[in-house]
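Chemist: build me a model from this:
(one chain, ligands or ions: 1)
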Amino acid sequence: MTIALTIQDVHVTLGQSLILKGVSLDANPGEFVTLLGASGSGKSTLLNVIAGLQGVDSGHVLFDGVNVEKRPPRKRNVGVVFQSYALFPHMTVGENVAFPLRAARRGSAERKKVAQEMLDLVDLGSMFDRKPVSLSGGQRQRVALARALAANPGILLLDEPMAALDKQLRERMQVEIKRIQQQVGITTLAVTHDQAEAMTMSDRVAIMHQGRFVQCDRPENLYRRPVDAYVASFLGEANLIEAHGDDGRSPVVTGTAVVRPEDLSLTRADAPAGRWAFEGPVTLLSFQGSRYRLELLNVNGERIVCSLGPHTDVSGIVVGRHVRVACLDPSLVHIIDHRSVGGAVEQIEPVA
Ligand SMILES: Nc1ncnc2c1ncn2[C@@H]1O[C@H](COP(=O)(O)OP(=O)(O)OP(=O)(O)O)[C@@H](O)[C@H]1O
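Modeler: Next up is the predicted model:
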């Protein structure tokens, strides 16, 4: 079973502060949406609203079009995985997974069967009789996921479930959880601080800032067409360049150009570079395995970051030497509108 989730203009006050300031979202059945934002932006509060652990001042939460605000948490049929897996240490892995089914008064044979199926799903079928203490962090995490899915919930909530894992394991688990989520086809709302995790796992990402959604879109669109500088810097690295020009209607328009570091390449000083070229002394060159990171100080004092392919010829490039980098395809430059240029990159250029 999977459901459509609708959140309509939800406001929540905690203590004296307005924490959610009118949040709306439509998640389709089976969709994976991640809430991404700085600490304190209200992500967990929104998850708690959906789980029924937090009431709202105003606004609505609907599951498949049905208002659930008056339903207590245990009647919402929501599966939740928290950062702390909260497995019961005295129970076996299988008993942990079967626990929600006991609460749902299912018979012992059925509980065992479903628990085994769920453990098979997360690739821990042989661990049924083990105690949680004998499992690794990643395995415990998967047991928690199996337990959250055991009662066949309509929606899955993941509240930073991987925050306690180390980087390598986290990356493996991201792919693993995504695989399981797609296999089960369950509508999922996740919370994370980690932008790479959000991009890897989600169909759509909602960027939250101070209790509001700034932009909710597919990861590619957020990355290529951020609505403002906050989103541009939050998702990946961005050179934000003050730019101005003529859009054919008004004499001078101003905007901020978003130039991604990987869209810049080294160019020879005598080659025509186009308008998106930056020149100045190198302040950093560092090899990062799959890329080189190069930073330079542009003529007007802006720090420009470039990410160059691993086969770039960087011989002779040293700190202090003048180089020129350019984005040779202007369609990769995105203009954040200060007035009304609407991304007319041809008519706008960096402020010299
Ligand atoms: N009971 C409370 N009373 C007053 N303020 C609260 C209460 N609970 C949370 N807050 C505040 O609400 C804001 C949002 O908290 P929330 O946990 O939703 O943010 P978050 O985006 O999930 O943050 P994090 O990433 O750190 O978990 C924070 O500023 C927090 O201090």
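Chemist: helix, strand or coil for the closest residue to Pro161 other than its chain neighbours?
Modeler: Closest residue to Pro161 apart from its sequence neighbours, by CB to CB, 6 or more residues apart in numbering: Val81 at 4.5 Å. (Each C-beta comes from the backbone N, C-alpha and C, glycine too.) The three-state label given to Val81 by DSSP: H, G, I helix; E, B strand; the rest coil is strand.
Chemist: need the residues of the stretch 101-250 of the chain near the ligand, please.
Modeler: His193 (CB under 6 Å from any ligand atom).
Chemist: show me where pLDDT drops low in the stretch 101-250 of the chain?
Modeler: 246-250 (pLDDT under 70).
Chemist: how many neighbours does the residue in the stretch 201-350 of the chain that the ligand sits nearest to have?
Modeler: Across the stretch 201-350 of the chain, no residue is closer to the ligand than Met208, which sits at 6.5 Å (CB to the nearest ligand atom). Met208: 25 surrounding residues under other CB atoms under 10 Å.
Chemist: for it, give the beta-bridge partners.
Modeler: Gly37, Phe213 (DSSP bridges).
Chemist: repeat for Ile336
Modeler: Residues in beta-bridge contact with Ile336 (DSSP bridges): Thr256.
Chemist: and it, how far is that from Thr192?
Modeler: 24 Å (CB to CB, to the nearest Å).
Chemist: can you check Arg218 too?
Modeler: On the measure of CB to CB, Arg218 and Thr192 end up 16 Å apart.
Chemist: comparing these two, which residue is more hemmed in?
Modeler: Here Arg218 and Thr192 are compared on neighbour count by other CB under 10 Å; more neighbours surround Thr192, at 23 against 13.
Chemist: ok, and the closest non-adjacent residue to the more buried one?
Modeler: Per CB to CB, 6+ apart, closest to Thr192 is Ala198, 5.4 Å.
Chemist: my guess is that neighbour contacts Arg204. True?
Modeler: No. With contact defined as CB atoms under 8 Å, Ala198 does not count as touching Arg204 (9.7 Å).
Chemist: who has more neighbours, those two?
Modeler: The neighbour comparison of Ala198 against Arg204 (other CB under 10 Å) goes to Ala198, with 27 against 19.
Chemist: tell me where the stretch 151-300 of the chain has helices.
Modeler: For the stretch 151-300 of the chain, the helices defined by DSSP state H, counting those that start in this stretch occupy 167-184, 195-201, 219-224, 229-234.
Chemist: who does the longest one touch, helix- and strand-wise?
Modeler: For helix 167-184, the packing partners by 3 or more CB pairs under 8 Å, 6 or more residues apart in numbering; DSSP states H and E come out as helix 108-121, helix 137-150, helix 195-201.
Chemist: can you tell me which of these is most buried?
Modeler: Mean neighbours per residue, mean count of other CB atoms under 10 Å, is largest over those for helix 137-150, with a mean of 23.
Chemist: how far out from the middle of the chain is it?
Modeler: 21 Å (CA atoms, centre = their mean, to the nearest Å).
Chemist: can I get the helices of the stretch 151-300 of the chain in CSV including distance to Ser307?
Modeler: Formatted as CSV, the helices of the stretch 151-300 of the chain follow (distance: least, CB to CB, whole Å):
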stretch, distance to Ser307
helix 167-184, 19
helix 195-201, 15
helix 219-224, 14
helix 229-234, 15
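Chemist: distance of Ser17 relative to the ligand?
Modeler: 6 Å (CB to the nearest ligand atom, to the nearest Å).
Chemist: what is the burial count for that residue?
Modeler: Ser17, neighbours per other CB under 10 Å, totals 9.
Chemist: switch to numbering from 445
Modeler: Sure, I'll start numbering at 445, so the last one becomes Ser461.
Chemist: pLDDT at it, what is it?
Modeler: Note for Ser461: predicted pLDDT of 93.
Chemist: go on, the one 5 residues further on?
Modeler: In the predicted model, Gly466 carries a pLDDT score of 96.
Chemist: does it count as helix, strand or coil?
Modeler: Secondary structure of Gly466, per three-state DSSP, is strand.
Chemist: quick one, what contacts it?
Modeler: Residues counted as contacts of Gly466 (CB atoms under 8 Å, 6 or more residues apart in numbering) are Asp453, Val454, His455, Gly503, Arg656.
Chemist: excluding its backbone neighbours, what's nearest the last one?
Modeler: Spelled out, that is Arg656. Lys465 (5.2 Å).
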